[in-house]
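> coords please:
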Amino acid sequence: AQVNNAAGNTPPVLACCFSYAPVNEAAWKLYSHAKTGLGARCVKIKINKKAFRKQIVTGNSGYRLYEGVVNYSLDNYQINHLHERQYPNGGTNALHDELFVDFDLASYLSLMLVKRQAFSHEQELRYFMIPDLPDTKGTLEHEEFHIEWKDILVDIVVDEHCTDTEMAMLIQVLESKGISIVPRREFIYAMPDAPIIVES
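Predicted coordinates:
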């Protein structure tokens, strides 16, 4: 589809997605589904966002950073008709004008933050790296951005089914990278140690 003012405002961007959900059962299941061995083990890392932003901006010239929270507020009908001035039922589509009239880079990035409500449990935060000199052919596929993980990691959590041997292997890898954080297990389904008594 053609968009007025799209030229120069729709550069290829690189994206990395994080979640700000402290506990998310679906993520543990999704990333380990139908896998075996070490592939069935998940590791959740918590980062210092301020340190991450600083590193990715100062250590990777030629790119600008844009950070945005994913928008789960639109229903499937609204998403499917964003590009139309009017809804099929004849109603005016205010979202169309908001996004496509005076279309600019902010409009483009806002569209990249729209996601269906079915995924709202993800509570996703996206980081976009926008090249200062975009590749007009759109061949940008990936880029290795330098990050000192030991300086931005805050916490490391493993799947509750992780064995002691697997935990020891992870600790060894972390130590080899200069990371002194000791991983801990997350027990999503753990029962409390003592019965809960509701007082009258």
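
> could you check the pLDDT of residue 199?
The model reports residue 199 with a pLDDT of 84.

> report how many residues lie close to it.
3 (other Cβ atoms under 10 Å). C-beta here means a position set from N, CA and C on the backbone, and glycine is covered the same way.

> then residue 152?
So residue 152, with other Cβ under 10 Å, has 19 neighbours.

> got the contact list for it?
For residue 152, the contacting residues are 47, 48, 51, 52, 55, by Cβ atoms under 8 Å, 6 or more residues apart in numbering.

> same thing with residue 176?
If you count contacts by Cβ under 8 Å, 6+ apart, residue 176 has none.

> then residue 3?
Contacts of residue 3 (Cβ under 8 Å, 6+ apart): 10, 100, 103.

> same check, this time on residue 57
By Cβ under 8 Å, 6+ apart, residue 57 lies in contact with residue 65.

> pLDDT of the one helix or strand it maps to, averaged?
Assigned by DSSP states H and E, residue 57 belongs to helix 49-58. Across helix 49-58, the average pLDDT comes to 92.

> CA atoms of that helix as CSV?
What follows is helix 49-58, C-alpha atoms only, in CSV (Å, rounded to 0.1, in the frame of the first residue of the first chain):
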residue,chain,number,x,y,z
LYS,A,49,17.5,-0.7,31.5
LYS,A,50,19.4,2.5,32.0
ALA,A,51,22.8,0.7,31.7
PHE,A,52,21.5,-1.2,28.6
ARG,A,53,20.4,2.0,26.9
LYS,A,54,23.7,3.8,27.6
GLN,A,55,25.7,0.9,26.3
ILE,A,56,23.7,0.3,23.1
VAL,A,57,23.7,4.0,22.3
THR,A,58,27.3,4.9,23.1
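
> are any of the contacts of residue 3 buried, and which?
Neighbour counting by 16 or more other Cβ atoms under 10 Å classes 10, 100, 103 among these as buried.

> looking at those, which are in helices?
residue 100 (DSSP state H).

> count the neighbours of residue 66 for me.
Residue 66 has 17 nearby residues by other Cβ under 10 Å.

> I misspoke; the intended subject was residue 187.
Neighbour number of residue 187 under other Cβ under 10 Å is 9.
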